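J.: Compute the structure for the input listed below.
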Amino acid sequence: MKIIKTDGLPIKSWCNEPEEGALEQAMNIARLPFAHRHIALMPDTHQGFGMPIGGVLAAIDTIVPNAVGVDIGCGMYACRTPFDDISRDEIKQIMGLVRKAVPLGFNHRKTPVEIEDAPKDAPIVQQEHKSARHQAGTLGGGNHFIEIQRGSDGKIWYMVHTGSRNIGKKVCDHYNALAKELNAKWKVDIPRQWDLAYLPMDTKEGQRYVTEMEYCQRFSKINREYISRAINEAFAQVMGDFDPSAIEESYNVHHNYARFEHHYGRDVWVHRKGATSARAGEAGIIPGSQGTKSYIVTGLGNPESFESCSHGAGRVMGRKQAQRTLSLEDEIRRLDEAGVVHGMRNKNDLDEAASAYKDIDIVMEEQKDLVKIKVELTPLGVIKA
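T.: A predicted model of the protein is given here:
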């Protein structure tokens with residue numbers, strides 16, 4: 001960790017070489033009047049909208065919708081299966097069944113599923129609830145994925161990365177726009193171009209945002225659970241003798257959210273945008289990029305990171321840049337040589353190539369004072385939208 005001095009609060013960075021855009025955003029956050037103690041940057045930090053991905057902000061009595069982001073509650077589900085081995089053909093069969101059962105990209109379920117009713121004081125969630133019932137159990141696009149892996153514990157694992165789908169985006173967009181209107185009305189001394197409009201927690205708007213945000217988090221967990229059921233059914237159909245109720249180890253964690261916590265003598269709203277909670281003894285999931293290792297970790301409770309760690313490897317180039325500059329042949333060869341069953345077929349798929357991301361080994365080395373590795377997961381097969 002290194003300390004970066006600013007004309008506001010200091011920045012504590014576990015990223016040795018943060019990109020210019022991300023650092024500029026972090027410096028903006030460090031100037032916020034309600035920011036507490038310091039700003040923390042995780043080793044996977046890169047530029048986002050308003051706040052860098054991999055950024056952690058502790059705010060006093062305040063919520064910043066853009067410091068949570070549009071995919072509220074996005075996170076990881078990881079499951080340790082009872083199987084010691086799996087063949088390439090079995091992986092292909094399981095992936096085929098999962099693709100049939102789990103809608104990908106912009107696709108939704110034709111038949112709605114049961115989800116929690118929308119709270120009364122949550123107008124956006126109420127508005128989107130009917131549509132959300134068709135989105136629970138769907139993967140989405142972008143960097144979301146399903147992966148089958150071999151664990152260093154000798155077991156076969158699978159992992160799911162997805163979030164709140166469209167309902168989270170609707171909530172973020174609504175309250176970010178509302179915060180901008182209110183900040184302009186209050187003549188707030190925060191430049192609009194920073195895109196860090198905020199809502200005080202003693203306002204009805206701030207309270208409503210938290211209500212809707214927390215609903216989106218619950219929806220995200222349910223979304224990953226529905227997908228896990230489909231994966232379990234595929235394993236059972238292909239492998240046989242698999243009782244999902246007997247699963248001994250699984251985890252379901254967020255990495256885009258805000259939570260009320262106590263740090264450095266103050267109760268604060270800790271915003272983790274592309275960051276994972278890493279309290280002492282807490283289990284976490286840090287995925288790599290497509291074709292690289294992922295990790296089940298245990299938090300070390302480092303107070304300087306506000307008990308946080310990275311949420312993944314972190315990008316080194318944008319999606320369009322990756323599609324323009326990376327070699328499709330090289331990226332396919334890389335996956336094939338690693339023995340990974342994959343769906344990379346054309347230039348559009350390069351936006352999620354491993355070369356568009358940081359080296360996960362470096363990311364893990366930079367945060368060894370934040371987490372301890374429990375299980376190392378090597379990819380065997382990956383599904384992306």
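J.: For the longest strand seen in the chain, name the packing helices and strands.
T.: Using DSSP state E, we find that the single longest strand of the chain is strand 371-384. If contacts are counted by 3 or more Cβ pairs under 8 Å, 6 or more residues apart in numbering; DSSP states H and E, strand 371-384 sits against helix 88-101, strand 145-151, strand 156-162, strand 283-286, strand 294-299. Heads up, the C-betas are built off the backbone N, CA and C, glycines and all.
J.: and C172, how far is that from E212?
T.: To E212, C172 is 9 Å away according to Cβ to Cβ, to the nearest Å.
J.: helix/strand/coil for the residue nearest to R192 when sequence neighbours are not counted?
T.: Nearest residue to R192, sequence neighbours excluded (Cβ to Cβ, 6 or more residues apart in numbering): K180, at 6.7 Å. At K180, secondary structure determined by DSSP: H, G, I helix; E, B strand; the rest coil is helix.
J.: wait, K180 sits on W194?
T.: No - counting by Cβ atoms under 8 Å, K180 stays clear of W194, with 10.7 Å between them.
J.: Bridge partners for the residue nearest to H36 when sequence neighbours are not counted, pull those for me.
T.: Distance criterion Cβ to Cβ, 6+ apart; nearest residue to H36, sequence neighbours excluded, is A58 at 4.2 Å. Applying DSSP bridges to A58 gives these bridge partners: V270.
J.: Let me know the pLDDT of A58.
T.: What the model reports for A58 is a pLDDT of 98.
J.: Also V297?
T.: On pLDDT, V297 comes in at 98.
J.: again, but for C74
T.: Here, the pLDDT recorded for C74 equals 98.
J.: Could you do S305 as well?
T.: Confidence score, pLDDT, at S305: 98.
J.: In terms of neighbours, single out the busier of C172 and E212.
T.: E212 (28 against 25; other Cβ atoms under 10 Å).
J.: Verify the stated contact: the more buried one with A122.
T.: Yes - at 4.6 Å, E212 and A122 qualify as touching, with contact defined as Cβ under 8 Å.
J.: Each with direction, which strands does the strand or helix carrying C309 pair with?
T.: Here C309, judged by DSSP states H and E, is contained in strand 308-310. Here strand 308-310 is paired, per DSSP bridges, with strand 275-277 (antiparallel).
J.: For the partner strand, what is the distance to the chain centroid?
T.: 9 Å (Cα atoms, centre = their mean, to the nearest Å).
J.: Let me know how buried G141 is, in neighbour terms.
T.: Neighbour tally, G141, other Cβ under 10 Å: 14.
J.: Report the buried residues of stretch 268-279.
T.: Applying a neighbour-count criterion of 16 or more other Cβ atoms under 10 Å, one finds 268-278 buried in stretch 268-279.
J.: Throw those residues into a markdown table and include distance to R109 and pLDDT, thanks.
T.: Shown next, in a markdown table, are the buried residues of stretch 268-279 (distance: Cβ to Cβ, whole Å; pLDDT from 0 to 100):
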| residue | distance to R109 | pLDDT |
| --- | --- | --- |
| V268 | 38 | 98 |
| W269 | 34 | 98 |
| V270 | 33 | 98 |
| H271 | 31 | 98 |
| R272 | 29 | 98 |
| K273 | 28 | 98 |
| G274 | 27 | 97 |
| A275 | 30 | 98 |
| T276 | 28 | 98 |
| S277 | 30 | 98 |
| A278 | 34 | 98 |
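J.: out of these, who's nearest L328?
T.: G274 (27.0 Å; Cβ to Cβ).
J.: nearest spatial neighbour of that closest one, skipping sequence neighbours?
T.: In space, and not counting its chain neighbours, G274 is closest to I53: 3.6 Å by Cβ to Cβ, 6+ apart.
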